[in-house]
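A.B. asks: Model the structure of this input:
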Amino acid sequence: QVQLVESGGGSVQAGGSLRLSCAASGRTFSSYARGWFRQVPGKEREFVAVISWSGGSTYYADSVKGRFTISRDNAKNTFYLQMNTLKPEDTAVYYCAAARPGGNWRKVEREEYDYWGQGTQVTVSS
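C.D. replies: Here you go, the predicted model:
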């Protein structure tokens, strides 16, 4: 079993930055693909970014490309989402997720992930 705990959410003005962290505990985690999703009330949880097990490959939603960066530190069992140039439309609850090894690393569907964090609120004011 894998447990994920997010931290780093908060409130920021438009144009500002935040860094989210997701710490993993439990069984061996380094070989899992890891992703970030976000959700606003009344809408589906949407894909934000994913990083491969090695950290050598990343993929982003068009809405965050060039502003957000996903990274991982396997030694610390932690991965991150650096969010720059934040916009009010980035306001959401952000979730980290992990997918067991297998298949294409570029997992963008919620159903492809096996473990989820509890979520952390990000609020961007104009």
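A.B. asks: what helix or strand is the residue nearest to the spatial centre of the chain on?
C.D. replies: When C-alpha atoms, centre = their mean is applied to the chain, the residue found nearest the centroid is Trp36 (2.1 Å). Assessed by DSSP states H and E, Trp36 sits inside strand 33-39.
A.B. asks: how about the helix or strand just after that strand as CSV, C-alpha atoms only?
C.D. replies: Using DSSP H and E, the next helix or strand after strand 33-39 towards the C-terminus is strand 46-51. Listed next in CSV are the C-alpha coordinates belonging to strand 46-51 (Å, rounded to 0.1, in the frame of the first residue of the first chain):
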residue,chain,number,x,y,z
GLU,A,46,-8.6,17.2,-14.5
PHE,A,47,-5.1,16.2,-15.4
VAL,A,48,-2.3,18.7,-14.8
ALA,A,49,1.0,16.9,-15.1
VAL,A,50,2.7,13.5,-15.0
ILE,A,51,6.3,12.4,-14.6
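A.B. asks: can you pull the pLDDT of the residue nearest to the residue nearest to the centre of the chain when sequence neighbours are not counted?
C.D. replies: For Trp36, ignoring the flanking residues on the chain, the nearest one in space by C-beta to C-beta, 6 or more residues apart in numbering is Val48 at 4.3 Å. Any C-beta I mention is one placed from the backbone N, CA and C, and that applies to glycine too. Val48 is assigned 98 on the pLDDT scale.
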